[in-house]
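Asker: Provided below are the primary sequence and the corresponding predicted coordinates.
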Amino acid sequence: MIVESSAPTRVDLAGGTIDIPPLFLFHEGAATVNFAISLLAKCRIESRGDDRIILNSIDRGVRFETTLDRLAELRREPRLELLSKLVYFFRPQTGIEMITESQAPAGAGLAGSSTLNIACIGALNELVGRPYTPERFIQIAAAVECQVIRVPTGYQDYYSAQYGGAACIHFGVDGIRREVLAIDTDTLTNRIAVCYTGEPRNSGINNWEITKRHIDGDNDIFEIFEGIRDGSLELREALLESNWNRVGDVLRKGYEIRKRLSSQITTEHMDEVIESALDNGAIAPKVCGAGGGGCIAFYCEEGRRADVEAAISRIDGVEVLNWQLNSTGLEVNVL
């Protein structure tokens, strides 16, 4: 049996970090806005006629193997830890070879690990006979990723990976709800440039430290998260109204609010990229993920995306990403 799966990465426009429990419980109306893009995480699993379990990450260049009678050891295996824990959780009854690959650059801030998580869950669930409905995938993904990073993990990334498209994810006491945003996706695509800065994300930016400060009662952090929540809701409204001038205003304000979270949201190199983009037709930058490296999305003046891309591509290390909106989300196929 051969199972292949893929899931899309995402660009987060507003609401990052507020999707980490329990933070959203302290901000009524908490929400995030993101959209899935065509850079995929892929998983291929082929069952074997022996008892060998082979895990192979192409983009990380790591491969190792074990056997079915040592399956329990994958629970604490440090190599390819996410893959190991997922295989342990699904407990295949035959030998397998599992190959993964991510099209997003390493440390890009495009939710590569969360996206790979969903892709692998989709493939493994199919391999072992579909014990879980797709509605359970996000819960499993968040739990396993928490085991890997050993702190609570945000939820928005799993929704873009599983469902694709543009969406507003609402968080509250009664749970999490995904709202599909019926927006002008052509305009969104034409006005957003995405680049990889060449710097992987900086581990010095720690969402867990911010979470702890919030829980410990830091009033400044609480105020910042109120602004993050408000910005998400305002962006949702602007997108649904196709008020593209307001979209730019909200994103520009959101960038300034997020910089208050940490002095390490941007690096000197990122500041150079942002300055060049703003000088050549960008209205607002959006540092993807936690920042400190990785990718930056730029909301551009109408008709200026190409100008922005041309300008920033001349900066050493910068890679302009070719992307399209992904509307399909997780795909699983049996060959």
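Answerer: Structure received. Numbering: from 1, shown residues only.
Asker: quick check, residue 177 in a strand?
Answerer: Yes. Judged by DSSP: H, G, I helix; E, B strand; the rest coil, residue 177 forms part of a strand.
Asker: what separates it from residue 30, distance-wise?
Answerer: To residue 30, residue 177 is 11 Å away according to Cβ to Cβ, to the nearest Å. (C-beta placed from N, C-alpha, C; glycine too.)
Asker: of the two, who's got more company?
Answerer: Ranked by neighbour count (other Cβ atoms under 10 Å), residue 177 and residue 30 place residue 30 first, with 23 against 12.
Asker: which non-adjacent residue is nearest the more buried one?
Answerer: Leaving aside its sequence neighbours, residue 30 sits nearest to residue 24 (Cβ to Cβ, 6 or more residues apart in numbering; 3.7 Å).
Asker: quick one: that neighbour and residue 32 touch, right?
Answerer: No. Look at residue 24 against residue 32 with Cβ atoms under 8 Å: they stay out of range, at 9.0 Å.
Asker: joint contacts of these two?
Answerer: By Cβ atoms under 8 Å, 6 or more residues apart in numbering, residue 24 and residue 32 have these common neighbours: 18, 171.
Asker: of these two, who's got more company?
Answerer: Under the criterion of other Cβ under 10 Å, the comparison of residue 24 against residue 32 puts residue 32 first, with 29 against 26.
Asker: and the pLDDT at residue 203?
Answerer: The model reports residue 203 with a pLDDT of 48.
Asker: one more: the one 10 residues further on?
Answerer: As summarised for this prediction, residue 213 has a pLDDT of 91.
Asker: start at 688, not 1
Answerer: OK, 688 is where the count begins now, so the last one is residue 900.
Asker: pull whichever strand or helix holds it out as CSV, backbone CA atoms only.
Answerer: Assigned by DSSP states H and E, residue 900 belongs to helix 894-902. Taking Å, rounded to 0.1, in the frame of the first residue of the first chain, the C-alpha atoms of helix 894-902 are listed here in CSV:
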residue,chain,number,x,y,z
ASN,A,894,6.1,32.6,22.3
TRP,A,895,6.2,30.7,25.6
GLU,A,896,8.0,33.5,27.4
ILE,A,897,5.3,35.9,26.1
THR,A,898,2.6,33.5,27.2
LYS,A,899,4.1,33.3,30.7
ARG,A,900,4.3,37.1,31.0
HIS,A,901,0.7,37.3,30.0
ILE,A,902,-0.4,34.7,32.5
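Asker: what secondary structure does residue 1019 sit in?
Answerer: Per three-state DSSP, residue 1019 ends up strand.
Asker: wait, it touches residue 814, no?
Answerer: No. At 9.8 Å, residue 1019 and residue 814 do not qualify as touching, with contact defined as Cβ under 8 Å.
Asker: now do the shared contacts for these two.
Answerer: Both residue 1019 and residue 814 are contacted by residue 690, under the criterion Cβ under 8 Å, 6+ apart.
Asker: neighbour count winner among those two?
Answerer: residue 814 (24 against 20).
Asker: where do the helices sit along the protein?
Answerer: 768-777, 799-814, 824-836, 843-850, 872-878, 894-902, 906-927, 931-946, 955-966, 992-1000 (DSSP state H).
Asker: list residues touching both of residue 864 and residue 717?
Answerer: Counting by Cβ under 8 Å, 6+ apart, the shared contacts of residue 864 and residue 717 are residue 857.
Asker: the domain parsing of the chain - what is it?
Answerer: 689-868+1013-1021, 872-1007 (automatic domain parsing).
Asker: rank the ones you listed by mean pLDDT and give me the bottom one.
Answerer: With a mean of 93, domain 872-1007 has the lowest mean pLDDT of these.
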